[in-house]
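Visitor: Structure for this input, please:
(one chain, ligands or ions: 1)
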Amino acid sequence: MRRPLARLAAGYLVVIALASLLAPVIAPYGPDDQDLTQALSGPTPQHWLGTGVLGRDVLSRLLFGGRITLVGVLVSSLLFLAVGVPMGVLAGYFGGWIERVVLRLADLVYAVPVIIVLLVVVAIFPGNETAAMVALGLLAAPGLARIVRSVARGVREELYISAAKVSGLRAVTILRRHVLPRLTGPIVVQLSLFGAGAVLLETGLGFLGVGSAQATWGGQVSEASTNLGTQPWLLVPSGFLVISFILALGLVGDGIRDAVADRHHSGTHRPRTSTVPSSPATGKAGALLSVRGLTVAFPQYGTENTVVSGVDFDLMPAEVLGIVGESGCGKSVTVQAVLGLLRGGRITAGSVVFEGKDLTQASRRELAAVRGARIGWVSPEPVASLDPAFAVGAQVAEVVRTHRGCSRGAARRRAVELLELVRLPDPAAVARRYPHQLSGGMAQRVGIAAALAGDPVLIIADEPTTALDVTVQAEILDLLRDVGTAVILVTHDWGVLSDLCQRALVMYAGEIVEEATLTELVRTPRHPYTAGLLMSSPFLAVPGKPLPAIEGVVPAPADWPVGCRFQDRCRFAAVDCATGPVPLRPANGGLTRCLHHDRLRELDVFALNSGVSTTKPSSSRGL
Ligand SMILES: Nc1ncnc2c1ncn2[C@@H]1O[C@H](COP(=O)(O)OP(=O)(O)OP(=O)(O)O)[C@@H](O)[C@H]1O
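Guide: Below is the predicted model:
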């Protein structure tokens, strides 16, 4: 309802449907009332939309005609849905022989010329348009099944479906709760396309003179076309009605599709923003980005599961900030929330103030203007983040054009400049290559070039070097250091962190447990989790000694304990750690969420670090 065009179109469809329904009450004449003295009159005070060849009132015939046309469209659309959706969902979700049968059936139906079948049907049931519409719905359903099947197949692979299966949910429940809602968008779009096609087909049958003998929209178009020479006006009312109806169906379909997409993909930002209470706390003066109280939840079995809670941090211009932690601690979700890229989840509280504007309150358009232009994104999977169907130069040029609005030629030249900037040898030749012709390191450079295309002031890089070998890693890190923008670097690798970052946040179980400059963090960790991470880093391994590991695993969001979330894995845990939430408090020049950080001096990591400089020697990366 927030989309004005879709709302207008929906209102128009409702008016047309109501007017058709109330035709016996509101039509000025009966559909077949004749007045031969007024034949082909054009608009007059008695006949607002003119009359046909037998002097029948055009407005009345269109109103009555709507009843037959719309019922036909409704019947065929219901059949289209009732047959196509279950076929597609079952084929996509269960696969196997069901899928094979559905696909073969769809192939078979595709091979049948629809219009011939419909002509046969109207020949068998003369003048019965509903029979033709039933046939149309049945013939189009396998096409819908094919589309639904491919989307359902994608959804089937999602981890949460596996989790739902593992947790014993019945297939019907999984299909109803988890699969069907994700299919709404494509189904609505297909339905609006089909509805438009059905109206056109009904009009076509009327035009061919094989439709209903009663007044229909198609019949009106047919009558108008045979009298085009004597009364061209006659085509205006029926033509306008058919065209505007189809247009309105398309707009409503697109509106619903976008609304569904918002809910499932980026609803985080726009429609729900009014429900997000902004944190009263303001950011640090001069900060480029200030995140306060950021809390993110994902839907799970009818409720919402908070996976990141109360994240606060500031990023100054040109600062390089690291976010470190084990897998599943919430690093990626945090940066995705900053970018408004949460898929399926939403921000339930907090603010993300970037250049003075709270992105959680920004409209989709405002967000699109920030993403790519002011904030660049470097993906963890360089090759997968490039479209295999296009040369990489064209892909970078596309981003340049989007943000600069320049000509194609200028965008191509800038793309080559950017490829040169990221130190790709022979950038003009690389620009012509496709992603599969690049190594991982080259693809990541192209990814960085694309991130730089809008001249951003901040680059968010989520595990940018994980998929690369060590020497290429070093080159990519050098590149990120030299781009001159602020950088948020998500990593679980202390080497990468110490190579690039001035300051780091340590995340554990969805919250920041420590924040400090990198030197401080490494020399004197303020949280046992940081100390554990450091001690288990291969960079600090002592030859001949087993690498210490933190016992246990990160608790799943649903199992976060009351109080300190690290308590179950912590050797310093005491009674007070479990009594209530532990706030992030200043300690030794940084921030910690540990009540007993003083006891960390008992750990080996201090001994290991004494005398270790974080200014790395040029021959080795990291600590
Ligand atoms: N789409 C999703 N739906 C439901 N839960 C999700 C989704 N994405 C992430 N989560 C949950 O959010 C939590 C944080 O995940 P996140 O990916 O941010 O961790 P991470 O620290 O970046 O780990 P990694 O280094 O493995 O990416 C995890 O418990 C994860 O299961």
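
Visitor: Backbone dihedrals for residue 349, both of them.
Guide: phi -160, psi 160 (degrees, to the nearest 10).

Visitor: and it, how far is that from residue 314?
Guide: Distance from residue 349 to residue 314, counting by C-beta to C-beta, to the nearest Å: 18 Å. Where C-beta positions appear, they are placed from N, C-alpha and C, glycine not excepted.

Visitor: Which of the helices or strands spans the residue lying closest to residue 20 once chain neighbours are set aside?
Guide: Excluding the flanking residues, the one nearest residue 20 by C-beta to C-beta, 6 or more residues apart in numbering is residue 66, at 2.9 Å. In the assignment (DSSP states H and E), residue 66 maps to helix 58-94.

Visitor: which helices and strands does that helix pack with?
Guide: The contact analysis (3 or more C-beta pairs under 8 Å, 6 or more residues apart in numbering; DSSP states H and E) places helix 58-94 against helix 4-21, helix 23-26, helix 96-110, helix 129-156, helix 171-174, helix 180-208, helix 217-226, helix 235-261.

Visitor: Kindly calculate the angle that the fourth one makes with helix 217-226.
Guide: In other words, helix 129-156. Interaxial angle, helix 129-156 versus helix 217-226 (axes from the mean of the first three to the mean of the last three C-alpha atoms, to 10 degrees): 120 degrees.

Visitor: the inter-axis angle of helix 129-156 versus helix 180-208?
Guide: Using the same axes, to 10 degrees: helix 129-156 against helix 180-208 is 150 degrees.

Visitor: To residue 548, which of the helices and strands packed on helix 58-94 lies closest?
Guide: helix 129-156 (40.5 Å; C-beta to C-beta).

Visitor: quick one: buried residues of the closest one?
Guide: 129, 131-149, 151-152, 155-156 (16 or more other C-beta atoms under 10 Å).

Visitor: State the distance from residue 387 to residue 395.
Guide: Distance from residue 387 to residue 395, by C-beta to C-beta: 6 Å.

Visitor: neighbour count winner among those two?
Guide: Set residue 387 next to residue 395 and count neighbours by other C-beta atoms under 10 Å: residue 395 wins out with 22 against 13.

Visitor: Can I take it that the more buried one is in a helix?
Guide: Yes: with DSSP: H, G, I helix; E, B strand; the rest coil as the criterion, residue 395 is part of a helix.

Visitor: from the middle of its chain, how far away would the helix holding residue 66 be?
Guide: 29 Å (C-alpha atoms, centre = their mean, to the nearest Å).

Visitor: do stretch 285-294 as well
Guide: The answer for stretch 285-294 is 25 Å, by C-alpha atoms, centre = their mean.

Visitor: Residues in contact with that stretch: which ones?
Guide: 279, 281-284, 308, 310-317, 319, 334, 337-338, 347, 349-355, 457-458, 486, 488 (C-beta atoms under 8 Å, 6 or more residues apart in numbering).

Visitor: From the residues you listed, list the buried ones, please.
Guide: Looks like the contacts of stretch 285-294 have 279, 283, 308, 310-315, 319, 334, 337-338, 347, 349-354, 457-458, 486, 488 buried, using 16+ other C-beta under 10 Å.

Visitor: Also within reach of the ligand: list those from the residues you listed.
Guide: With the criterion set as C-beta under 6 Å from any ligand atom, no member of the buried ones among the contacts of stretch 285-294 is near the ligand.

Visitor: Among those residues, which lie within helices?
Guide: 334, 337, 338 (DSSP state H).

Visitor: Contact partners for the second one?
Guide: When contacts are counted by C-beta under 8 Å, 6+ apart, residue 337 touches 268, 294, 296, 308, 345, 347, 352.

Visitor: ranges for the strands of the stretch 401-550 of the chain?
Guide: Ranges of strands within the stretch 401-550 of the chain are 458-462, 486-491, 503-508, 511-517, based on DSSP state E, counting those that start in this stretch.

Visitor: distance of the closest residue to the ligand within the stretch 1-150 of the chain from residue 68?
Guide: Going by C-beta to the nearest ligand atom, the ligand is nearest to residue 93 of the stretch 1-150 of the chain, at 18.9 Å. From residue 93 across to residue 68, the span is 38 Å (C-beta to C-beta).

Visitor: same check, this time on residue 480
Guide: 66 Å.

Visitor: what does the chain have sitting close to the ligand?
Guide: 160, 298, 307, 325, 327-333, 343-345, 492, 557.

Visitor: Next step: these restricted to strands.
Guide: 298, 307 (DSSP state E).

Visitor: Right, I'll leave it there.
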